[in-house]
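[1] Here is a sequence together with a model predicted from it:
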Amino acid sequence: MSGPSVSYLVPVLNEALRLPDAVRAALAQDHDGPQEVVVALAPSSDGTEEVAARLAREDARVRVVENDATDIPAGLNRALEASTGEFVVRVDAHSELPAGYTRRMVGVLLETGAANAGGVMRAVGRTPLQASVARAYNSGLGLGGGVHHGGLAAGPAETAYLGVFRRSALEAVGGYDETLRRGEDYDLNERLRAAGLEVWFVPDVEVTYWPREAWRPLVRQMWATGVWRGEMVRRRGRSRLRYLAAPAVVTGLAASAAVALTGADRRHPVPFALAHAAPVAYAGFLGYVAARAGATEPADRLRDAAVVATIQTTWGAGFLKGLLAGAGTTVDRSRLRRHRALPRP
């Protein structure tokens with residue numbers, strides 16, 4: 001094996017059902033250099049510890065390290081510290097790396113000199129709800145969509161989905177920020193770019209992503225993600241415009257509700273009645289979502305609109321909380337949900 005060494009970093013919490021596929025997809029990569037998988041294991045309640053131990057016994061290239069801090073950034077740093085590869089591949093248990101992924105991304109890094117390379121996040125769903133969430137991601141109608149949701153041109157990018165990194169670049173910027181519980185990938189790529197390094201987008205490589213499968217986990221995920229995005233903006237004092245759209249929707253809807261509850265629009269039709277322009281305009285937008293997100297059946301179209309509304313309002317409300325009051329101890333509780341326990345190996 002003459003190629004550079006590669007380490008796959010896999011932070012997991014309650015992922016007994018998904019971890020085997022994630023690890024096997026990594027080890028099945030046709031990279032021509034040494035490969036290892038480092039699983040950062042947070043305390044789980046669904047048998048993930050037993051699954052990880054079995055995978056390590058079955059293949060010497062798999063190692064397990066403890067992540068008592070639970071959060072993803074801490075797990076990634078523990079795995080990074082325990083790994084040895086010249087290149088580092090960020091793996092998520094909700095994702096599946098395609099064949100040839102590592103070989104292609106390492107080649108891009110060697111060709112361009114970039115610090116990180118990532119492809120398209122292609123969301124897919126097995127259930128009707130999961131499929132609606134996937135369409136929201138893939139269409140860009142959910143949260144506006146960065147380049148990794150469907151960009152067409154290869155080149156420098158703001159951020160990347162997951163990513164394949166030069167170890168030297170990760171170490172140069174201090175790894176992942178463990179004070180963030182969400183948004184760690186965007187933060188890392190921002191710091192790489194601030195250090196004069198490039199993040200490279202590869203549009204013809206797609207990584208499969210499996211979204212949340214039920215309403216409650218989706219709401220919890222979006223709330224926590226919004227809160228921590230707001231916290232990041234609070235810390236930096238700046239934000240890209242696309243991240244302000246969802247908070248603006250929530251503010252407009254809240255203003256309309258407040259005017260209606262107080263009766264100000266009846267006592268003073270002008271200008272208070274104008275507050276109701278927000279829900280009217282948003283209802284029109286959701287109608288556009290129902291028609292254009294990609295579903296063909298009426299029930300699926302209605303579900304698509306409901307999913308986008310849930311994503312945007314929950315994320316937007318979370319953003320406002322994080323911006324105004326800070327993230328505090330907010331955590332993505334969808335990751336804490338118990339799954340069906342697997343039999344012990």
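    All right, it came through fine.

[2] How about D71, nearest residue that isn't a chain neighbour?
    Spatial nearest neighbour of D71, chain neighbours left out: R181 (5.1 Å); criterion: Cβ to Cβ, 6 or more residues apart in numbering. Placement of C-beta: from N, CA and C, glycine included.

[3] Next, that neighbour: phi, psi?
    Taking degrees, to the nearest 10, you get phi -100, psi -10 for the backbone angles of R181.

[4] hang on, isn't it packed against P73?
    Yes - in this structure, R181 is within contact of P73 by Cβ atoms under 8 Å, at 7.5 Å.

[5] looking at this, F165 is in a strand?
    Yes - under DSSP: H, G, I helix; E, B strand; the rest coil, F165 falls within a strand.

[6] Against T127, how distant is it?
    F165 sits 33 Å away from T127, going by Cβ to Cβ, to the nearest Å.

[7] Which parts of the stretch 101-250 of the chain are strands?
    Along the stretch 101-250 of the chain, counting by DSSP state E, counting those that start in this stretch, strands occupy 116-123, 155-156, 164-166, 199-209.

[8] Out of those strands, which gets nearest to T84?
    With respect to T84, and counting by Cβ to Cβ, the nearest of the strands of the stretch 101-250 of the chain is strand 164-166 at 13.9 Å.

[9] what's the closest one packed up against?
    On a contact count with 3 or more Cβ pairs under 8 Å, 6 or more residues apart in numbering; DSSP states H and E, strand 164-166 meets strand 87-90, helix 101-112, strand 116-123.

[10] Point out the other helices and strands that the longest one packs with.
    Spelled out, that is helix 101-112. strand 87-90, strand 116-123, strand 164-166, strand 199-209.

[11] contacting residues for the residue nearest to L197 when sequence neighbours are not counted?
    Take L197 and drop its neighbours on the chain: the residue closest to it by Cβ to Cβ, 6+ apart is A115, 3.8 Å away. Taking Cβ atoms under 8 Å, 6 or more residues apart in numbering, we find A115 in contact with L109, F165, R166, A169, L192, L197, E198, V199.

[12] now the third one, which residues is it bridged with?
    Yep, that's R166 we're talking about. For R166, the beta-bridge partners are F87 (DSSP bridges).
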